[in-house]
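*Asks:* give the three-dimensional model of this entry:
(2 chains)
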Amino acid sequence: MAVAAPPQSQAASLEEQRRWEGSIEQLRGLVSDRAVSGDTMLLNMGPHHPSTHGVLRLLLELDGEQIVTCLPDIGFLHTGIEKSIEDKTYEKAVPLTDRMDYLSPMSNNMAYAAAVEKLLDLDVPERAQIIRVVCLELARCASHLVWLGTHAIDMGAMSVLLYAFRERERILGMFEMLSGQRMMSSYIRPGGVWRDVPADFLPTLKQFLNDFPYKVDDYEALLTQNPIWKDRSQGVGVVEPDVALAYGMTGPALRGSGVNWDLRKAQPYSGYETYEFNVPLGDHGDVYDRYLIRIHEFRESLKILQQAVSRLERTQGPTRSENRKYCPPLRSELGQSMEAVIHHFKLWTYGYDAPDDEIYCAIESPRGEIGCYIHGAGTNKPRRVHFKTPSFMHISALPVVSKGYLLADMVAIIGSVDIVLGDCDR
Amino acid sequence: MEIPAARDPVQAARDAFGEAILHVKHFRGETTVVVAAERLPDLLGFFRGRAGLVYNMLSDVSAVDYFPDDYGDAYDGIQSDYRPERYGVCYHLLSMLYNRRLRIKAFTPAVDPRLPTGTSVFPAANWLEREIADMMGIVFDDHPDPRRLLMPEDWHGHPHRRDYPLGKETVAFSFNVEDIHAHKPFAKD
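*Replies:* Modelled structure (predicted):
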């Protein structure tokens, strides 16, 4: 039989409440003086608000419906990935990087792998580079599809998510073919990729490339000329180019302001300099321009994928560096070569030593520049690994981007800079 | 508009600051300039604004803890690096105009580690420095918002220090676990 809880006295519960209540004095200097005097309202948005794309809490100071100040509060998804990597060998840290930006794990793998390769001065075979480009562009499409669906839901267009996730499933299915995992693939590793693509991968990818342009047309038909969509997004969340640069915004959020900066073009990696594609730029720097840029990036990614597919068909060769001091030998070699067994044992137990020095390596993820700073320690474990993630920079810029807009626009702005909280908190 | 020719950042900084440039290192095509901590904001401003340099974007700020190295010695030829103090803080600058990167590094001692903030030059440094203050325990003087960023406000210690053990931290939100167990309707009744 259930027993009712004893009634608490009013005074006790009030005291209990005060114990958890902060004082407004803590916020002095961070919010305007009008909030301290009670003239404007402080409102918590999140940490479980559906439109915050994860666990993000925004402390908003509102004058009516207008945002005066926005104080983002992050760290709810902090899992100490950087600290954990310090305790792992270089190879074994790859699965941890998947879990940062969980919507495009391939980009994180790539940033980390490229950084380790730079630290070790390790070569990457040509075929591995092409497979990497395929993975990265598929990941860009998959990530933009999630962004498109959730951003549209935030703004009240419910059906786009269903279409977007339908295509995303096909991309995740291809990732499963490659790596055995739909999302946490750990496929791109220092020195190349885990293994060659399976035989049925290319036909599946070709089928996808045939269908996908029409699907992008469908998304555009739903949104681009939609008067409600335009009304909600045009002229909202305008970021001036100098503000975007000062706050370290990158990726579509920076290109939406008209700054022509794409690391795939400017500082090419993995052979991007040999592919033909364009970098779409915006004019106004508002939510609508950032939407258009990502839609155009679908088409540019498709162009890159088409070129990569034809190259994959032409190239043969290893998919991982043959430098056996850093990359483990194939299973097939283990039965025949004593050397291979020694390398296999050494690499999967001790790993390899990296120089006691520091490097920084950045790539263009779907969200912007994801950089990896590695400081080796002369041993098999790094001294320090730091990820500079685009979501982190974009959330730190939210206060300036959202200032003066309405509360309802906040949702559009959060969606348009495309944040992932796992990416932000690491 | 004519773009001025790119200048060598190391030479330019040496000409302008002289003694404040403590060490220069090249590794894998990256240039690291170790600068005196107290001149850090001036140098960031110099690299950002000077024609021929224009490092207009702050890519990253990251801190590294050299504990338990023998960081007290100056460059002795065995260590591949120059490490006068325990903590090193790296400002990764990016020049979009000349398409190149530069690392500005400042060291700060184990006891009372503090640096001047670069937020006045690069607003992007605000959160990146807050993260370092939170995780590495380096105080940034005159920082506009010195609260903790990733860890809870009442957290003890700075997790990214090398002497902070991994796996020994208290489980978060477990402070009232007895209270919860006392009132939670378990299936035992």
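*Asks:* count of neighbours near the residue in the stretch 151-300 of chain A that chain B sits nearest to?
*Replies:* Going by Cβ to the nearest Cβ, chain B is nearest to A:Gly248 of the stretch 151-300 of chain A, at 3.3 Å. (Glycine included, C-beta is placed from N, CA and C.) By other Cβ atoms under 10 Å in any protein chain shown, the residues close to A:Gly248 number 29.
*Asks:* could you pull out the strands in chain A for me?
*Replies:* A:41-45, A:57-63, A:66-73, A:188-189, A:192-193, A:358-365, A:368-375, A:384-388 (DSSP state E).
*Asks:* need phi/psi at the nearest residue to the residue of the stretch 151-300 of chain A closest to chain B once chain neighbours are set aside.
*Replies:* The shortest distance from A:Gly248 to any residue other than its chain neighbours is 3.3 Å, reached at B:Ala124 (Cβ to Cβ, 6 or more residues apart in numbering or on different chains). Dihedral angles of B:Ala124 (phi, psi; degrees, to the nearest 10) stand at phi -60, psi -20.
*Asks:* quick one: contacts for B:Ala124?
*Replies:* A:Ala246, A:Tyr247, A:Gly248, A:Met393, A:Ser396, A:Ala397, B:Met57, B:Leu58 (Cβ atoms under 8 Å, 6 or more residues apart in numbering or on different chains).
*Asks:* which residues of chain B fall in helices?
*Replies:* B:9-17, B:40-49, B:125-136, B:177-183 (DSSP state H).
*Asks:* any idea which of these gets closest to chain A?
*Replies:* Judged by Cβ to the nearest Cβ, the one of the helices of chain B that comes nearest to chain A is helix B:125-136, at 3.8 Å.
*Asks:* any figure for the gap between the residue lying closest to A:Ser321 once chain neighbours are set aside and A:Thr204?
*Replies:* Using Cβ to Cβ, 6+ apart and skipping residues adjacent in sequence, the residue nearest A:Ser321 is A:Gly191, 3.6 Å away. A:Gly191 sits at a distance of 26 Å from A:Thr204 (criterion: Cβ to Cβ, to the nearest Å).
*Asks:* ok, those two, which is more surrounded?
*Replies:* Legend: neighbour count by other Cβ under 10 Å for A:Gly191 and A:Thr204, higher for A:Gly191 (24 against 15).
*Asks:* spit out the contact partners of that one.
*Replies:* Per Cβ under 8 Å, 6+ apart, neighbours of A:Gly191: A:Ala113, A:Glu117, A:Leu122, A:Asp123, A:Val124, A:Ala128, A:Arg320, A:Ser321, A:Asn323, A:Tyr326, A:Cys327.
*Asks:* now do it, the pLDDT please.
*Replies:* Looking at A:Gly191, its pLDDT reads 88.
*Asks:* look up how far A:Arg132 lies from it.
*Replies:* Using Cβ to Cβ, A:Gly191 is found at 11 Å from A:Arg132.
*Asks:* what's the answer for A:Leu305, then?
*Replies:* Taking Cβ to Cβ as the measure, A:Leu305 falls 12 Å from A:Arg132.
*Asks:* spatially nearest residue to A:Asp218, not counting backbone neighbours?
*Replies:* A:Asp218 sits nearest to A:Tyr163 (Cβ to Cβ, 6+ apart), 6.2 Å away.
*Asks:* quick check, the one you found in contact with A:Asp217.
*Replies:* No: counting by Cβ atoms under 8 Å, A:Tyr163 stays clear of A:Asp217, with 11.2 Å between them.
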